[in-house]
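> 3D model of this:
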Amino acid sequence: MTAVRPPQQPRPAVPAGVSMRDLLASCAAADAVSRPPRDPEPGKVPEPAADRPEAA
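As a prediction, this is how the structure comes out:
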């Protein structure tokens, strides 16, 4: 004899606890860190890096 299962409830499409704003922000951050730096504009001299204090 086969057991009859009740119909399943539909599952939510978005996982609970993650807002769309946080999801989009994490995607934008991942995209920003995964791209190489842009080439400098032609004819423009890059500014020298600022001096940093040495670590202790």
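
> for the protein, which spans come out with low pLDDT?
The model of the chain has pLDDT under 70 over residues 1-2, 12-16, 46.

> give me that answer again for 90
Scanning the chain for pLDDT under 90 picks out 1-19, 32, 35-56.

> Spell out the secondary structure type for Val33.
Here Val33 is recorded as helix under DSSP: H, G, I helix; E, B strand; the rest coil.

> To what extent is it buried, counted in neighbours?
Using other C-beta atoms under 10 Å, Val33 has 7 neighbouring residues. Any C-beta I mention is one placed from the backbone N, CA and C, and that applies to glycine too.

> got it, and Ala55?
Neighbour tally, Ala55, other C-beta under 10 Å: 4.

> try Cys27
With other C-beta under 10 Å as criterion, Cys27 counts 10.

> in the protein, which spans are helices?
Assigned by DSSP state H, the helices in the chain fall at 20-34.

> Compute the number of surrounding residues for Arg21.
8.

> and it, what does it touch?
Under the criterion of C-beta atoms under 8 Å, 6 or more residues apart in numbering, Arg21 has no neighbours.

> Next, work out how far apart it and Ala28 are.
To Ala28, Arg21 is 11 Å away according to C-beta to C-beta, to the nearest Å.

> now swap in Pro40 and tell me
Distance of Pro40 to Ala28, given as C-beta to C-beta: 24 Å.

> for Asp39, same thing?
Separation of Asp39 from Ala28 (C-beta to C-beta): 22 Å.

> And those two? Which one has more around it.
Ala28 (10 against 6).

> gap between that one and Ser19?
Using C-beta to C-beta, Ala28 is found at 14 Å from Ser19.

> Could you give the number of residues near Ser34?
Neighbour count for Ser34, taken as other C-beta under 10 Å: 7.

> swap in Asp22?
Residues lying near Asp22 (other C-beta under 10 Å) number 10.

> got it, and Leu24?
Leu24 has 10 neighbouring residues, counting by other C-beta under 10 Å.

> Same check on Glu41?
By other C-beta under 10 Å, 8 other residues sit near Glu41.
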